[in-house]
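Colleague: sequence isn't available, so here's the structure alone:
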């Protein structure tokens, strides 16, 4: 499935994109609003009213946002922050976004957090591996094959997630290949069964938004198909981050109810940013 081109609505200096092939919310026919550029509450109100009226007349039952078409692309609004600069690949919001969504009748339907921890504090007692899988670093070679394998695992592993919508392999590669030159294999891990089949992966990257010599690593994404493997992957990541001089670790964009958030809290990680995805019944 290839993402359809969105319709761009404009009012004054403000604009937004309307995606008519968004993932469904509560099994309703759903569109999403993304690429928000809202310069005033008044202009935002006009845009939201125009979008909801237009979509309602087309038979849509709900709108979600901010979401640039699907969860593979940028989505969520920042609802609370400690004021620190955005980290690499983090969604950002304009000063009017959250208030404009509320004024437009949207309500939060899913909540997320990013947490920060001293890397040394995140390294606890080494867990015993009783899963039968091996945790190994990516060797840094053949990036297209690496991301292709991650894609194959992700489309299955994430299929049960809320707001999931599949994308093509080419689209997936297009999202991540621009970062290949900046990847550090020491922060990327596979979990493999004895026959070599993938049981999980973890994708980490330095926070280059802080500069080329950053001391902060981002645990961006991980997934596993075997109970306990996610914990082993995270442990390997934190140990490697510490060994490679990363003093701080960001646990990025976790769902509020995710078990990963609770594990982060146990290691002294603190929330420094909160986000929400919003929904509107039409």
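Modeller: That came through, no problem. Here the structure is a predicted model, which means the values were calculated and not measured.
Colleague: and residue 189, bridged to which residues?
Modeller: Taking DSSP bridges, one finds residue 137, residue 202 as the beta-bridge partners of residue 189.
Colleague: what sits against it?
Modeller: 135-138, 201-202, 204, 233, 236-237, 240 (C-beta atoms under 8 Å, 6 or more residues apart in numbering). C-beta coordinates here come from the backbone N, C-alpha and C atoms, glycine included.
Colleague: for the stretch 151-282 of the chain, just list every one of the helices.
Modeller: Using DSSP state H, counting those that start in this stretch, the helices of the stretch 151-282 of the chain run over 169-176, 229-243, 259-266.
Colleague: out of the ones you listed, indicate the one that is most buried.
Modeller: helix 229-243 (a mean of 21; mean count of other C-beta atoms under 10 Å).
Colleague: quick check: mean pLDDT of that one?
Modeller: Averaged across helix 229-243, pLDDT comes to 95.
Colleague: can you list contacts of it?
Modeller: 119-120, 122-124, 126-127, 129, 131, 133, 135, 137, 186-187, 189, 191, 199-202, 204, 217, 219, 222-224, 249, 260, 263.
Colleague: give me the low-pLDDT residue ranges for the stretch 151-282 of the chain?
Modeller: 258-267 (pLDDT under 70).
Colleague: turn the contacts of residue 189 into CSV, including distance to residue 166.
Modeller: Formatted as CSV, the contacts of residue 189 follow (distance: C-beta to C-beta, whole Å):
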residue, distance to residue 166
135, 28
136, 27
137, 28
138, 24
201, 18
202, 22
204, 24
233, 24
236, 29
237, 27
240, 31
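Colleague: out of the helices of the stretch 151-282 of the chain, which is closest to residue 154?
Modeller: Counting by C-beta to C-beta, residue 154 lies closest to helix 169-176 out of the helices of the stretch 151-282 of the chain; the figure is 7.6 Å.
Colleague: tell me what that closest one is packed against?
Modeller: Applying 3 or more C-beta pairs under 8 Å, 6 or more residues apart in numbering; DSSP states H and E, one finds that helix 169-176 makes contact with helix 143-157.
Colleague: dihedrals phi and psi, the residue lying closest to residue 256 once chain neighbours are set aside?
Modeller: In this structure, residue 256 finds its nearest non-sequential neighbour in residue 111, 4.0 Å apart by C-beta to C-beta, 6 or more residues apart in numbering. The phi and psi values for residue 111, taken as degrees, to the nearest 10, are phi -120, psi 150.
Colleague: kindly report the same for the one 5 residues further on.
Modeller: Here the main-chain torsion angles of residue 116 (degrees, to the nearest 10) amount to phi -120, psi 140.
Colleague: so it touches residue 270, yeah?
Modeller: Yes. Counting by C-beta atoms under 8 Å, residue 116 does reach residue 270; the two are 6.0 Å apart.
Colleague: could you check how far the residue nearest the centre of the chain is from residue 203?
Modeller: Taking C-alpha atoms, centre = their mean, the centroid of the chain lies closest to residue 253, which sits 5.5 Å from it. The gap separating residue 253 from residue 203 is 12 Å, by C-beta to C-beta, to the nearest Å.
Colleague: go on, residue 51?
Modeller: Separation of residue 51 from residue 203 (C-beta to C-beta): 34 Å.
Colleague: got it, and residue 272?
Modeller: 21 Å.
Colleague: higher neighbour count, the two?
Modeller: Using other C-beta atoms under 10 Å as the criterion, residue 272 and residue 203 rank with residue 203 on top: 23 against 16.
Colleague: who touches stretch 127-139?
Modeller: The contact list for stretch 127-139 (C-beta under 8 Å, 6+ apart) reads 146, 185-186, 188-194, 199-200, 226-229, 231-233, 235-236, 240.
Colleague: please repeat the previous calculation with a cut-off of 10 Å.
Modeller: If you take C-beta atoms under 10 Å, 6 or more residues apart in numbering as the criterion, stretch 127-139 is touched by 146, 149-150, 183-194, 196-203, 224-229, 231-237, 240.
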